[in-house]
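> Build me a model from this:
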Amino acid sequence: MSAIDKSKFQFVKRDDFASETIDSPAYSYWNSVFRQFLKKKSTIFMLVILIAIVLMSFIYPLFSNYDFNDVSKINDFSARYIWPNSEYWFGTDANGQSLFDGVWYGARNSILISLIATVINLVIGVIVGGIWGVSKTFDKIMMEVYNVISNIPSLLIFIVMSYALGAGFWNLILAFCLTGWIGVAYSIRIQIMRYRDLEYNLASRTLGTPMFKLVLKNLLPQLVSVIVTQASQSLPSYISSEAFLSYFGIGLPVTVPSLGRLIAKYSQNVTTNAYLFWIPLTALVLVSLSLFIVGQNLSDASDPRTHR
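All right, here's what the predicted structure looks like:
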């Protein structure tokens, strides 16, 4: 038998742990989220619209001297009811004021109210929902509270609280936050009860995994989708609610501009000088629709079950 030519072979050192090495790319939850999020063309389109509206709403008013209550040009008939053109992009109203300025000032207030109310409700809802999901005693109490509040139309609560507190920026936010957190808390409670006793979480607790790490690695990815879903529903909902309340004069004061206040102010111009009514309404629809679609797509992308 001929001898083996060792020059034709490469000898390697034996590794007893090689079989335990996972030969696959490292999984990153947030990388997967953004990859799924940016995959849809509708997301990119609506995200561009949303970013443009937000930037204009918060940057443009810094360089404008718009005064919602200014009537200094009311007798200047050459400045009144000018249809949209290169100088006045959205036209002017009966007071000779630029509607372009009014829309961005109003959008800023509407977005701020919605954003602040949503953040407050999410923070309270996540904290209460976390306790609700792990405490049986607290669960019994909160279920009774939830059954009572959830059977009262939220819009009715907003109207009653707005009348009780009076018109005002922070009063309107308080009206949105008094009961708005209960739905978020209930959704968080359901998710925690669904995942807390799964086998891999029980095994992690048995092996001594710290609770903080357990929540961060195992529970939080399951809750992100719920939190984003609640935010995507709350943001456009509060903008629409503000517009509805302001339209009937029970949201913001008449001296504070918002999209709802502009729509109410120019509602008599539906047929005559219709641009005064339809431009603020279009801005309201665009900001609400873009927030909802972007939020829903981000919610879908946040669900680990959609990741590949």
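> going forward, measure contacts between C-alpha atoms and count neighbours the same way
Will do.
> how about the nearest residue to residue 36 once chain neighbours are set aside, what does it touch?
Distances taken as CA to CA, 6 or more residues apart in numbering place residue 301 nearest to residue 36, at 5.2 Å, with adjacent residues excluded. Counting by CA atoms under 8 Å, 6 or more residues apart in numbering, residue 301 touches 32, 33, 34, 36, 37, 225, 307.
> Could you list every helix and strand in contact with the one helix or strand the second one maps to?
So the one you mean is residue 33. Per DSSP states H and E: residue 33 is located in helix 29-37. Judged by 3 or more CA pairs under 8 Å, 6 or more residues apart in numbering; DSSP states H and E, helix 29-37 is in contact with helix 275-302.
> got the buried residues for the helix it packs on?
Neighbour counts using 16 or more other CA atoms under 10 Å place 275-281, 283-284, 286-302 of helix 275-302 among the buried residues.
> now the angle from it to helix 29-37?
In terms of direction (axes from the mean of the first three to the mean of the last three CA atoms, to 10 degrees), helix 275-302 departs from helix 29-37 by 130 degrees.
> Now do helix 275-302, average pLDDT.
Averaging pLDDT along helix 275-302 gives 86.
> With stretch 242-250 instead?
Stretch 242-250 carries an average pLDDT of 82.
> List the neighbours of that stretch that are in contact with it.
110, 159, 162-163, 166-167, 172, 251-252, 258-261, 263-264.
> Give me the subset of those residues lying in helices.
Using DSSP state H, the members of these that fall within helices are 110, 159, 162, 163, 172, 259, 260, 261, 263, 264.
> nearest to residue 126, of those?
Among the ones in helices among the contacts of stretch 242-250, residue 172 lies closest to residue 126 (CA to CA), at 21.8 Å.
> For burial, what's the neighbour tally of the closest one?
For residue 172, the count of nearby residues is 27 (other CA atoms under 10 Å).
> ok, now residue 265?
If you count neighbours by other CA under 10 Å, residue 265 ends up with 16.
> now do residue 73
If you count neighbours by other CA under 10 Å, residue 73 ends up with 14.
> Quick one: the helices in the stretch 51-200 of the chain, in order.
Taking DSSP state H, counting those that start in this stretch as the test, the helices found in the stretch 51-200 of the chain are 99-134, 136-150, 154-165, 169-195, 199-206.
> Beyond the helix or strand of the chain with the lowest mean pLDDT, next helix or strand please.
Least confident helix or strand, the chain: helix 211-214 with a mean of 69, by mean pLDDT, DSSP states H and E. Following helix 211-214 in sequence order, the next helix or strand is helix 220-247 (DSSP H and E).
> and the angle from that next one to helix 99-134?
140 degrees.
> Next, report how far helix 220-247 is displaced from the centre of its chain.
How far helix 220-247 lies from its chain's middle: 5 Å, per CA atoms, centre = their mean, to the nearest Å.
> count of neighbours near residue 136?
11.
> And for residue 115?
Residue 115: 19 surrounding residues under other CA under 10 Å.
> Also residue 153?
9.
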